[in-house]
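Visitor: After the sequence you'll find the predicted model.
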Amino acid sequence: MRDVAIISFAQTRHRREISDINEVEMLMPLMGEALAEAGIAKERVDFVCSASSDYLAGQPFSFVMSLDAFGPWPPISESHVDMDGAWALYEAWVKMQMGKTDIALVYAYGKSSPGNIRRVMSRQLDPYSLGPLWLDPVSMAAMQARLGLEAGAFTEKQMADVVAASRRHGAANPFAQLGGEFDAGALLAEPEFVSPLRKHDCPPVTDGAAVLILAAGDVARELSERPAWIRGIDHRIEAAALGVRDLTRSVSTEQAGARAGVADGPVDFAELHAPFAHQELILRSALGLADDVTVNPSGGALCANPIMTAGLIRFGEAATRIGRGDGDRAVAHATSGPCLQQNLVCVLEGE
């Protein structure tokens with residue numbers, strides 16, 4: 001397997017609504033930041049892969065417009081995924097394994113504020129059986145949480161502890177949308193939103209974007225003092241139908257984590273894409289993370305959840321911490337689909 005590393009990362013300061021600029025204007029300064037951090041001009045980039053959703057942008061083939069932010073001229077190889085940006089990173093990594101690309105730029109963006117994001121996301125379900133019920137991500141996550149509570153997989157107190165830790169970490173992250181000091185007891189005293197979830201158990205509506213640069217082998221060593229090497233990466237998918245899988249577990253995360261090699265060494269910290277509080281507990285169990293492993297030191301998706309981007313940010317946040325020496329080995333994770341249906345797990349290491 002060819003050595004590939006994350007050498008640069010940039011993201012927006014995430015907000016509830018970014019209405020004064022469009023997606024291209026949101027991306028352009030991030031492109032400049034990422035290229036400057038890598039110390040390269042855009043002409044050195046061999047491959048670009050983007051992630052976005054036409055549902056959110058409100059127009060077909062909206063990703064074509066976003067290419068203006070990078071301005072690839074003369075034209076270079078370019079691709080797009082209608083998934084979270086973590087899957088764009090995965091495609092770029094596969095492309096680099098072919099040996100024809102030394103530097104790849106990955107970006108993702110999404111604005112959730114213009115419409116009703118819960119109704120929009122309900123349209124990802126099977127149009128014949130689940131679509132007519134208008135089940136949205138919060139409703140489905142609430143069912144998952146209820147099943148987990150009744151099965152004894154976790155408690156409401158543990159969910160509140162996850163939120164308190166996320167908000168505390170978010171307060172120290174200048175890019176996070178939410179943050180602050182919260183007591184688990186006070187959080188549990190708040191009213192239920194969609195039983196058994198309270199509002200703080202759910203992700204905020206967020207607008208944002210992120211850009212990440214990958215480099216291979218000696219090129220990465222040339223451009224970065226401490227690259228974050230991708231030592232293992234795997235992606236697994238479960239059935240979309242909620243009734244045919246155990247929602248209290250994430251089997252796909254268990255499988256992807258095993259294939260990526262999570263258990264092959266100590267984990268210093270993990271960035272898990274857990275949009276709901278109880279999902280962090282499910283993912284932590286699926287990956288077999290020890291109790292002393294810090295999860296989501298950035299605050300995670302509970303503090304900023306730009307759709308199509310939050311998973312990629314987990315990779316960038318983990319790589320940034322490795323780059324500055326906060327740890328030697330980290331797990332980055334991204335999810336997509338209802339109730340942790342699809343999961344991508346990556347092990348990152350510093351040299």
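Guide: Noted; the coordinates are in hand.
Visitor: only C-alpha atoms for contact and neighbour calcs from this point on.
Guide: Fine.
Visitor: For this structure, which segments count as helices?
Guide: Using DSSP state H, the helices of the chain run over 23-38, 54-57, 62-66, 85-97, 117-121, 137-151, 156-171, 184-188, 217-223, 251-260, 277-287, 310-323.
Visitor: now for the fifth one, which elements pack on it?
Guide: Identification of packing neighbours for helix 117-121 by 3 or more Cα pairs under 8 Å, 6 or more residues apart in numbering; DSSP states H and E yields helix 137-151.
Visitor: go again using 7 Å as the cut-off
Guide: Helix 117-121 is packed against no helix or strand, with contacts defined by 3 or more Cα pairs under 7 Å, 6 or more residues apart in numbering; DSSP states H and E.
Visitor: Next up, the contacts around residue 319.
Guide: Listed by Cα atoms under 7 Å, 6 or more residues apart in numbering, the contact set of residue 319 reads 6, 228.
Visitor: before we move on, the earlier item: any idea which of the helices of the chain scores lowest on pLDDT?
Guide: Here the helices of the chain differ in mean pLDDT, and the lowest is helix 54-57 at a mean of 75.
Visitor: just the helices of the chain: most buried one?
Guide: Of all the helices of the chain, helix 310-323 has the most neighbours on average by mean count of other Cα atoms under 10 Å, namely a mean of 27.
Visitor: now the angle from it to helix 85-97?
Guide: Between the axes of helix 310-323 and helix 85-97, defined by axes from the mean of the first three to the mean of the last three Cα atoms, to 10 degrees, the angle is 60 degrees.
Visitor: buried ones in stretch 197-208?
Guide: 197-198, 200-208 (16 or more other Cα atoms under 10 Å).
Visitor: Just the CA coordinates for stretch 32-51, please, in CSV.
Guide: Only the C-alpha atoms of stretch 32-51 are listed here, as CSV (Å, rounded to 0.1, in the frame of the first residue of the first chain):
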residue,chain,number,x,y,z
GLY,A,32,-5.7,29.7,-0.2
GLU,A,33,-5.2,28.7,3.5
ALA,A,34,-4.8,25.0,2.7
LEU,A,35,-2.4,25.6,-0.2
ALA,A,36,-0.3,28.1,1.9
GLU,A,37,-0.1,25.7,4.8
ALA,A,38,1.2,23.0,2.4
GLY,A,39,3.6,25.5,0.9
ILE,A,40,2.5,24.8,-2.7
ALA,A,41,0.8,26.6,-5.6
LYS,A,42,-2.4,25.1,-7.0
GLU,A,43,-0.5,23.9,-10.1
ARG,A,44,1.1,21.2,-8.0
VAL,A,45,-2.3,19.6,-7.3
ASP,A,46,-2.8,16.5,-9.5
PHE,A,47,-6.4,15.6,-8.5
VAL,A,48,-9.4,17.4,-6.9
CYS,A,49,-12.3,15.6,-5.3
SER,A,50,-15.3,17.4,-3.9
ALA,A,51,-18.4,16.6,-1.8
